[in-house]
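Q: give me the fold of what follows.
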Amino acid sequence: MSDSSDPMDEATVLVTAADVTLEPIGARALLVDRDALLAPDQSPLLADPQGELTAVITPVPAGSGPVERIAVAGVEHLGSDDPASAMTANVVRLTERSRYVVRAEPFTQRRLTEALLTADGDLWAAMRELGYDSEVPARPHSAALTGLSEERLDAFAGGPCRVIRTCLPHPPHPPHPPHPEDPDPENPDPHDADPDSPDPCSPAPDTPDIDDPHPPAGP
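A: Numbering: from 1, shown residues only. I've put the predicted structure just below:
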């Protein structure tokens, strides 16, 4: 879940969806936070954008408010570094916060993974299932993938989840409790000491005193 969201205020407008186009390249995106977009499809123009980009945000339904034009601050690539990989997406950061917030219920990263599994890895379809009901753009080929493991989809889902306002990432793993047989560094067991070192609890052996003229006799 993104930490950049402002609390709801009088300027916030809840909308069913928001149609977002990145000009001048024409790429489509989803408004997932007030200052962040998610572009689910692989786009060579977003992978290496040239020049300035502007996000044109149109609220749905029509008449919910004015169309916004907000400059893009930067683009972050998610997924594999392999350009041939279909498991990719882009996060687009905005220079200003939008007034619009998509009315979507909170969900967990696990739920996003399940939606991706149902949609064969199609992030657009998964986001529609989770309440981001923007119109899916016409695509020359299906974004559905087959044979993707749940583990791989979950690893991918962690990237979008951290910027989606309504997504709760996996909690951090708790530290492993110490094993009963593991030594306690603050209370070491005296039996674990070096066997060659003297025992501080045992009496000192009788040793002759070099100043004693009558040392103890032998057996």
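
Q: only C-alpha atoms from now on, for both contacts and neighbour counts.
A: OK.

Q: just the strands in the protein please.
A: 13-15, 17-23, 27-33, 36-39, 54-60, 68-79, 88-94, 100-102, 107-108, 167-168 (DSSP state E).

Q: same list (those) but as CSV, adding mean pLDDT and distance to residue 158.
A: Shown next, in CSV, are those (pLDDT from 0 to 100; distance: least, Cα to Cα, whole Å):
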stretch, mean pLDDT, distance to residue 158
strand 13-15, 92, 25
strand 17-23, 94, 23
strand 27-33, 94, 14
strand 36-39, 95, 13
strand 54-60, 95, 24
strand 68-79, 92, 10
strand 88-94, 92, 12
strand 100-102, 95, 20
strand 107-108, 96, 10
strand 167-168, 95, 9
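
Q: nearest to residue 159, of these?
A: strand 68-79 (6.3 Å; Cα to Cα).

Q: what's that closest one packed up against?
A: helix 44-47, strand 54-60, strand 88-94, helix 150-161 (3 or more Cα pairs under 8 Å, 6 or more residues apart in numbering; DSSP states H and E).

Q: repeat that with 6 Å
A: Contacts defined by 3 or more Cα pairs under 6 Å, 6 or more residues apart in numbering; DSSP states H and E place strand 68-79 against strand 54-60, strand 88-94.

Q: buried residues, the lowest-mean-pLDDT helix or strand in the chain. List them.
A: Least confident helix or strand of the chain, by mean pLDDT, DSSP states H and E, is helix 44-47 with a mean of 74. Residues residue 46 are the ones in helix 44-47 that count as buried (16 or more other Cα atoms under 10 Å).

Q: contact partners of it?
A: Outside helix 44-47, no residue is within contact range by Cα atoms under 6 Å, 6 or more residues apart in numbering.
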